[in-house]
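**Q** sequence plus predicted model, see below.
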Amino acid sequence: MQDKERLPLSLLIAFLAVVVWSAIKPNGYFIWALEVFPALIAAIVLILTYRRFRFSNVAYVLIFIHAIILVIGGHYTYAEAPIGYWMQEWFGFARNNYDKIGHFAQGFIPAIVIREILLRMSVVRRGAWLDFIILSICLALSAFYEFIEWWVAELTGEAADAFLGTQGYVWDTQSDMFLCLIGALLALIMLSRLHDKSMEAVEAAVD
């Protein structure tokens, strides 16, 4: 096995191990399936497209982190994740805010993934338009996820309460999308240079 393939494989094995853990006596298998399914689909897509489009190591690590956030949320539900309770105690929050970590990540991680696809496929050049398009796509994805939550709630009724995770917060949907925007902005500000170097490395390896 070549060194450049070790990290993606290691992350995949670690992800599958966490998925197995999460499937052991979760809070509920309905919620577990709703939360874990997107991560599993993403893993399958990445495996199938690996030879044709290998992402940078930065992107793979971020995708892994996002997947773990989803899987943990699937095991405990977002409203009952221990990390959220710790945050509630440490910072005096009125609710379990683990779901806010997920929605922040919903902007932070996709921003880098989208950036890589747009740049490496020569869709958009670097500049203000690139950042604007990335932010727009991240917000669109966040809004679409809110649609999915709405549709699941309409179809399943009370069974979807844990999936929605609003915990009585009237501005939950708006704050979710705002955190996604903040996450995407911070990712572009903080990681663009590192991401460029990581993309250069994977392009050199592929060539």
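**A** Arrived safely.

**Q** quick one: Asn97 and Met87 touch, right?
**A** Yes - judged on CB atoms under 8 Å, Asn97 makes contact with Met87 at a distance of 5.6 Å. Where C-beta positions appear, they are placed from N, C-alpha and C, glycine not excepted.

**Q** nearest residue to Pro38 other than its sequence neighbours?
**A** Leu70 (6.3 Å; CB to CB, 6 or more residues apart in numbering).

**Q** the helix or strand where that neighbour lies - contacts with which helices or strands?
**A** Leu70 belongs to helix 57-76 when assigned by DSSP states H and E. Packing partners of helix 57-76 (3 or more CB pairs under 8 Å, 6 or more residues apart in numbering; DSSP states H and E): helix 3-22, helix 29-48, helix 98-120, helix 172-206.

**Q** tell me the centre residue of this structure?
**A** The centroid of the chain falls nearest to His66 when counting by CA atoms, centre = their mean (3.6 Å).

**Q** right, and it touches Ile112 too?
**A** No - the criterion here is CB under 8 Å, and His66 misses it with Ile112 at 10.2 Å.

**Q** which residues touch Ile182?
**A** Phe104, Gly107 (CB atoms under 8 Å, 6 or more residues apart in numbering).

**Q** re the thing from before, burial check on the residue nearest to Pro38, number of neighbours?
**A** 25 (other CB atoms under 10 Å).

**Q** with Ala81 instead?
**A** Around Ala81 there are 24 residues (other CB under 10 Å).

**Q** shaky segments in the protein?
**A** The chain contains residues with pLDDT under 70 at 1-4, 157-171, 206-207.

**Q** how much space separates Leu191 from Ala205?
**A** According to CB to CB, to the nearest Å, Leu191 and Ala205 sit 20 Å apart.

**Q** ok, these two, which is more surrounded?
**A** Higher neighbour count among Leu191 and Ala205: Leu191, with 18 against 14, using other CB under 10 Å.

**Q** just confirm that one contacts Ser56, I think it does.
**A** No - taking contacts as CB under 8 Å, Leu191 lies outside contact range of Ser56: 10.7 Å.

**Q** what comes up buried for stretch 15-22?
**A** Phe15, Val18, Val19, Ser22 (16 or more other CB atoms under 10 Å).

**Q** may I have it as CSV, with CA atoms only?
**A** Extracted in CSV, the C-alpha atoms of stretch 15-22 (Å, rounded to 0.1, in the frame of the first residue of the first chain):
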residue,chain,number,x,y,z
PHE,A,15,-15.3,5.5,10.9
LEU,A,16,-16.6,1.9,10.5
ALA,A,17,-15.5,1.1,14.1
VAL,A,18,-17.5,4.1,15.4
VAL,A,19,-20.5,3.1,13.3
VAL,A,20,-20.5,-0.4,14.9
TRP,A,21,-20.2,1.2,18.3
SER,A,22,-23.1,3.5,17.6
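
**Q** cool, thanks, signing off.
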